[in-house]
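Q: mind looking at a prediction? Sequence and model below.
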Amino acid sequence: MKKAEIKIFFERLLKEFPNPKCELEFINPYTLMVSIILSAQATDKGVNKATAALYKQVQTPEQMLALGEDGLREYVKSLNYYNNKTRSIIRMTEVLLKDYKGQFPKDLEELQKLPGVGRKTANVFLNVAYGYPLIAVDTHVFRLANRLKIAPGQTPLEVEEKLKKVVPEEFKPIAQHLLVLFGRYICKATHPKCNVCPVRDLCPYSEKIL
Ligand code: SF4
């Protein structure tokens, strides 16, 4: 897609999703990080269902350690890989308190030093918590970047680097949410809804599937 088309693409997406935001529910940066870790290979809806009860009791790192690994597991056992996620969250919380006085570093590389926090998680966190103009490449973003030839790449990192260059500055803080919402509800992995797609005229993929 050409630069001018990419701008039109995001303008149309914003019209379609006028209030783009992360669909995970959270109370503060700490609970946001917990929800993001829980959301791997799980739906936001499923995570929100599990955390609704959890966050009534736990909102801080200290409260999480008081709850403990067994206690946390009970709240999240409906989610995929809940054992690993529980372990990661407790370990991340221990390091956060010990090395960072309970405050998340506002730096992409530094954040990734926390157990269980990879590049995608760190990007989502900094974008949602503090509005940093970062784009996390999840399964939706990776698929759309390649399918629509916005930022084709073999790896998430390659796509992320290309997106940094081609997404117009004004859309960077919300590009992540727009792409995820578009991928989740319209340009799905299988059976994309081309008949109601607002960017069909810009899409190099629709021709192939019609
Ligand atoms: S036309 Fe279809 S394949 Fe292309 S962006 Fe729209 S939904 Fe996706």
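A: Received, thanks.
Q: could you export stretch 33-52 as PDB, CA atoms only?
A: Only the C-alpha atoms of stretch 33-52 are listed here, as PDB (Å, rounded to 0.1, in the frame of the first residue of the first chain):
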ATOM      1  CA  MET A  33       0.200  -5.700  33.100                       C
ATOM      2  CA  VAL A  34      -1.400  -8.600  34.800                       C
ATOM      3  CA  SER A  35      -4.200  -8.600  32.300                       C
ATOM      4  CA  ILE A  36      -1.800  -8.400  29.300                       C
ATOM      5  CA  ILE A  37       0.100 -11.400  30.600                       C
ATOM      6  CA  LEU A  38      -3.100 -13.300  31.000                       C
ATOM      7  CA  SER A  39      -4.300 -12.400  27.500                       C
ATOM      8  CA  ALA A  40      -1.700 -14.500  25.700                       C
ATOM      9  CA  GLN A  41      -3.600 -17.200  23.700                       C
ATOM     10  CA  ALA A  42      -6.900 -16.100  25.400                       C
ATOM     11  CA  THR A  43      -9.700 -13.700  24.500                       C
ATOM     12  CA  ASP A  44     -10.000 -10.300  26.100                       C
ATOM     13  CA  LYS A  45     -13.500 -11.300  27.100                       C
ATOM     14  CA  GLY A  46     -12.300 -14.400  28.900                       C
ATOM     15  CA  VAL A  47      -9.500 -12.500  30.700                       C
ATOM     16  CA  ASN A  48     -12.000  -9.800  31.800                       C
ATOM     17  CA  LYS A  49     -14.300 -12.400  33.200                       C
ATOM     18  CA  ALA A  50     -11.500 -13.900  35.200                       C
ATOM     19  CA  THR A  51     -10.100 -10.600  36.500                       C
ATOM     20  CA  ALA A  52     -13.400  -9.000  37.400                       C
END
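Q: tell me the buried residues in it?
A: 33-40, 42, 44, 47-48, 50-51 (16 or more other C-beta atoms under 10 Å). (C-beta placed from N, C-alpha, C; glycine too.)
Q: secondary structure element holding the spatially most central residue of the chain?
A: Residue closest to the average C-alpha location in the chain (C-alpha atoms, centre = their mean): residue 124, at 4.6 Å. In the assignment (DSSP states H and E), residue 124 maps to helix 119-130.
Q: neighbouring contacts of the helix or strand hosting residue 6?
A: Using DSSP H and E, residue 6 sits within helix 3-16. For helix 3-16, contacts defined as C-beta atoms under 8 Å, 6 or more residues apart in numbering pick out 1, 20, 148, 150, 166-168, 171, 174-175, 178-179, 181-182, 186, 198-199, 202.
Q: might you calculate how far it sits from the centre of the chain?
A: 20 Å (C-alpha atoms, centre = their mean, to the nearest Å).
Q: next one: stretch 185-202
A: With C-alpha atoms, centre = their mean as the basis, stretch 185-202 stands 21 Å off its chain's centre.
Q: right, I'll call it a day here.
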